[in-house]
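J.: curious how this folds, go ahead:
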Amino acid sequence: MADRTFINGTLLLRLSQNARARASCLTSVRAIDSGRRRRSMSSQQARPAAAQPLLPRQQEGPPGADGQQPGDAAGHRRGGNSFPWLTVLGFAFLTFNSGMAVYRSPGDLWAIAFVAFSYVDLLALFFCLRQYESAEPGSQLRDRLKVAVWLLTTALTLVFSYKVAAVMPAAVAIVVWLMAFGTVAGGFYAFFCYADK
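T.: Next comes the predicted model:
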């Protein structure tokens, strides 16, 4: 036990030292950046704010000029044919953690069902999100995928809220459920009401 306390104390000390070093580096970078901004603002011609673009111009060209289809926004962000290592690593981590949770709860069918449902729900959610990103804007497929994404996130929110509220005192459980319903209602508004305006 003493060894653990020592190791935890050492790790906390190193983390705090790293945090202080990062903070001082960040302060230096901000000072350098503000100096650059002042110099670049004084060197620019005085133009009215409305004449300045809000975002930098992107390379314009006909759709598909870079070898991609117009609706292939996800492929464009990934940089072409690069392998999505981060996605694969994330799914491997999710699979490993789900497997370990099932392994550590032998005979507890409700816990196994919770883990299995959460795992399948997350896989379906990420699949639907990927399809939604690559679907043509305004298409019927995109609208159906939007409904599927909302239903999957709602189910996941309600299942996790149930598990959290079950171990909390009554007052906190009420707050958890209110937050869950607020999240579900906010998602519905953002997906279906706000987009129409």
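
J.: just the residues contacting stretch 148-155, thanks.
T.: Residues from elsewhere that reach stretch 148-155, judged by CB atoms under 8 Å, 6 or more residues apart in numbering: Asp121, Ala124, Leu125, Cys128, Leu129, Tyr132, Val184, Gly187, Phe188, Phe191, Phe192. All C-beta spots, glycine's among them, are computed from the backbone N, C-alpha and C.

J.: list the buried residues in that stretch.
T.: Across stretch 148-155, burial judged by 16 or more other CB atoms under 10 Å covers Ala148, Val149, Trp150, Leu152, Thr153, Thr154, Ala155.

J.: confidence score at the fifth one?
T.: Reading off the confidence values, Thr153 has pLDDT 95.

J.: what of Trp85?
T.: pLDDT recorded at Trp85 is 89.

J.: what's the answer for the one 10 residues further on, then?
T.: At Thr95, the pLDDT value in this model is 95.

J.: which residue packs closest to Phe191, ignoring adjacent ones?
T.: Trp150 (5.1 Å; CB to CB, 6 or more residues apart in numbering).

J.: distance of the one you found from Ser139?
T.: 17 Å (CB to CB, to the nearest Å).

J.: I'd like the buried residues of stretch 148-155 as TSV, with secondary structure and distance to Ala116 appended.
T.: As requested, the buried residues of stretch 148-155 are exported to TSV (DSSP: H, G, I helix; E, B strand; the rest coil; distance: CB to CB, whole Å):
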residue	secondary structure	distance to Ala116
Ala148	helix	19
Val149	helix	20
Trp150	helix	22
Leu152	helix	15
Thr153	helix	18
Thr154	helix	18
Ala155	helix	13
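
J.: quick one: the residues you listed as CSV, columns for distance to Ala101 too.
T.: Listed next are the buried residues of stretch 148-155 as CSV, based on distance: CB to CB, whole Å:
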residue, distance to Ala101
Ala148, 25
Val149, 25
Trp150, 26
Leu152, 20
Thr153, 21
Thr154, 22
Ala155, 18
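
J.: which of those sits closest to Phe96?
T.: Checking these against Phe96 by CB to CB gives Leu152 as the nearest, at 21.9 Å.

J.: now the buried members of the contacts of stretch 148-155.
T.: Buried among the contacts of stretch 148-155 (16+ other CB under 10 Å): Asp121, Ala124, Leu125, Cys128, Leu129, Tyr132, Val184.

J.: output the contacting helices and strands for the helix or strand hosting the fourth one.
T.: So that's Cys128. Take DSSP states H and E as the rule and Cys128 turns out to sit in helix 109-134. Applying 3 or more CB pairs under 8 Å, 6 or more residues apart in numbering; DSSP states H and E, one finds that helix 109-134 contacts helix 73-78, helix 85-103, helix 140-166.

J.: moving C-terminal from the last one, which element do we reach first?
T.: Right, the one you point to is helix 140-166. In N-to-C order, the element after helix 140-166 by DSSP H and E is helix 170-188.

J.: what residues of that next one count as buried?
T.: Buried, per 16+ other CB under 10 Å, within helix 170-188: Ala173, Val176, Trp177, Ala180, Val184.
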